[in-house]
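J.: just coords:
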């Protein structure tokens, strides 16, 4: 495959190196601080010992005023010597000796030999001052108690504080380092997930654009051509529906391995969406190379893929092809033209391979113009809602409306939803558009007299990408519409998404007090398998079962079955597409509760819906009177 992009400068590595250096500096500073602290302790103890010894000299002179004369050699009485030897010493003194100028011993308070051996006390010498010269010397043996002990404890506390501060700083740096590594690991995983598909390991759309741009640099330099193949798996959604998501995942993994085995080392295989893949073919001699590869891919993928149960599954692929430089020299343009070719291939009745043709540019340009117009219309809130009545069958009483989106284009006129809703879903505008529809429908329904409901259709994209619960709650709060008057309709295709997440989200919506309806019931694959798990309050029978209801008894049986299912699951059943009185009679006889369709009214502007409600209420008042 194409070489990956060179890694960007890693700011986390820079931070890691800085933290490592700071940790080393902190260790050095801590050792230096401890050495300085020890030096200051020893210096202070020596200075304090000299001070204590000098104070002792003063006390001894005060005890024996003739001490200086005795030290100079004058005879001393036994009583005087006894007083000096027995002088009471402070706690930090272990003993002393008084020596004359020649070193002759005058008096002493001897140190206990055991204490000298056990503690190895410090010794200090200070002169005994005289008027002119020192009369003698006082040798003092010190203990590490009393004031000396207090001084030592102060420095030891300082030393402990230094160690504690250093340990705290090192622990903080270690924590920051570990946190940085965890954040970098998380960022790396996020970048990997952004650029590589989690299931197949193939590059994603973003990585494909990057590698395509790299390949196109060679084309601009005149080094061959580059082909871009975009392929779609026809009917792949049915694999998930029929065989389950696990089987579908296994098929995709096997498919990705087969695709990678069919391309050269320098080519790139990417996964664009659930059932769309792309291949970047580099160093081509001409468009024929791309066509040969496309045919080889189509043929190889048509061969059965292994399933976990040992069976095989054959897939049909549709391919769109664009070649640089003739079809475009920029990555986005080439990708758009390959997608345009794929759209043409998907329109064929059988799987096909289509190359880009200049005529497709017009369709692509029209699509982009429509996208731009739609974005402007959404931002300007230029779309409108029409409302189709829903009535109770047994007495044809109005119970509510379904809000249907319309786009009055200033040039093209009224554009039907079938043209712009899929476009909004593909480019992500459906989230913003869907939020506006919910707010607008709630605001309009809040103006209605009575207790009529309003139903709003939801797109599966709103479940995947939008904060739907917050959107609905915010709309109800700002418009004041009671929650039970809002009904949210979803299609059966949503049931093929991640079931647990969808169930949790629907339950959160139900917790707001709104009602959930399944729209177009009976046209999908998974209704009966999952229906009981979802918190639906209403089933809407698809119009396909109502159209020929009067001429096909089997359809009557199907409708009766759906009505019975709804009754068992405590769900209201609504028939869509009601057009004739005979259809209404049959549905009523089968027990269907509500219906909507042209028999009861076409979609109408908001003003007409308000007039209809007012007329209905006035008629009910007259009948009561």
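T.: The structure has been received and is ready for your questions. Please read these numbers as outputs of a predicted model, since none were measured by experiment.

J.: going forward, measure contacts between C-alpha atoms and count neighbours the same way
T.: OK.

J.: any weak-confidence spans in the stretch 351-500 of the chain?
T.: The stretch 351-500 of the chain contains residues with pLDDT under 70 at 465-466, 493, 495-499.

J.: swap in the stretch 201-350 of the chain?
T.: For the stretch 201-350 of the chain, the stretches with pLDDT under 70 are 237-238, 240-244, 309-311, 347-350.

J.: Equivalent analysis for the stretch 501-625 of the chain, please.
T.: In the stretch 501-625 of the chain (pLDDT under 70), the answer is 523-530, 624-625.

J.: quick one: strands adjacent to the host helix or strand of residue 454?
T.: Using DSSP states H and E, residue 454 sits within strand 453-457. With DSSP bridges as the test, strand 453-457 is paired with strand 398-409 (parallel), strand 486-490 (parallel).

J.: Can you tell me what sits against it?
T.: Here strand 453-457 makes contact (CA atoms under 8 Å, 6 or more residues apart in numbering) with 399-404, 437-438, 441-442, 445, 484-490.

J.: Check the residues you listed for burial and list the buried ones.
T.: For the contacts of strand 453-457, a burial check counting by 16 or more other CA atoms under 10 Å picks out 399-404, 437-438, 441-442, 445, 485-490.

J.: Would you format the strands paired with strand 453-457 as CSV with distance to residue 72 included?
T.: Output for these, formatted as CSV (distance: least, CA to CA, whole Å):
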stretch, distance to residue 72
strand 398-409, 121
strand 486-490, 115
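
J.: Looking at those, spot the one closest to residue 80.
T.: Residue 80 lies closest to strand 486-490 among these, at 113.0 Å (CA to CA).

J.: contacts for that closest one?
T.: 442, 453-460, 514-519.

J.: Report the residue spans of the stretch 1-150 of the chain with pLDDT below the cut-off.
T.: Using pLDDT under 70, the stretch 1-150 of the chain drops low at 1-13, 15, 115-121, 132.

J.: which residues of it fall in strands?
T.: 93-99, 105-109, 122-128, 136-142 (DSSP state E, counting those that start in this stretch).

J.: and what of the stretch 501-625 of the chain?
T.: With DSSP E, counting those that start in this stretch as the criterion, the stretch 501-625 of the chain has strands at 515-521, 538-541, 572-575, 594-595.

J.: Can I get these in JSON lines including distance to residue 178 and mean neighbour count?
T.: Listed next are the strands of the stretch 501-625 of the chain as JSON lines, based on distance: least, CA to CA, whole Å; neighbours: other CA atoms under 10 Å:
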{"stretch": "strand 515-521", "distance to residue 178": "47", "mean neighbour count": "23"}
{"stretch": "strand 538-541", "distance to residue 178": "53", "mean neighbour count": "24"}
{"stretch": "strand 572-575", "distance to residue 178": "57", "mean neighbour count": "24"}
{"stretch": "strand 594-595", "distance to residue 178": "62", "mean neighbour count": "24"}
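
J.: Out of these, which is closest to residue 295?
T.: Across these, closest to residue 295 is strand 515-521 (CA to CA), at 38.3 Å.

J.: Of all pairs in the contacts of strand 486-490, which one spans the longest distance?
T.: Using CA to CA, the two most remote members of the contacts of strand 486-490 are 453 and 460, lying 22.3 Å apart.

J.: quick one: residue 229 and residue 318 touch, right?
T.: No. Counting by CA atoms under 8 Å, residue 229 does not reach residue 318; the two are 10.1 Å apart.
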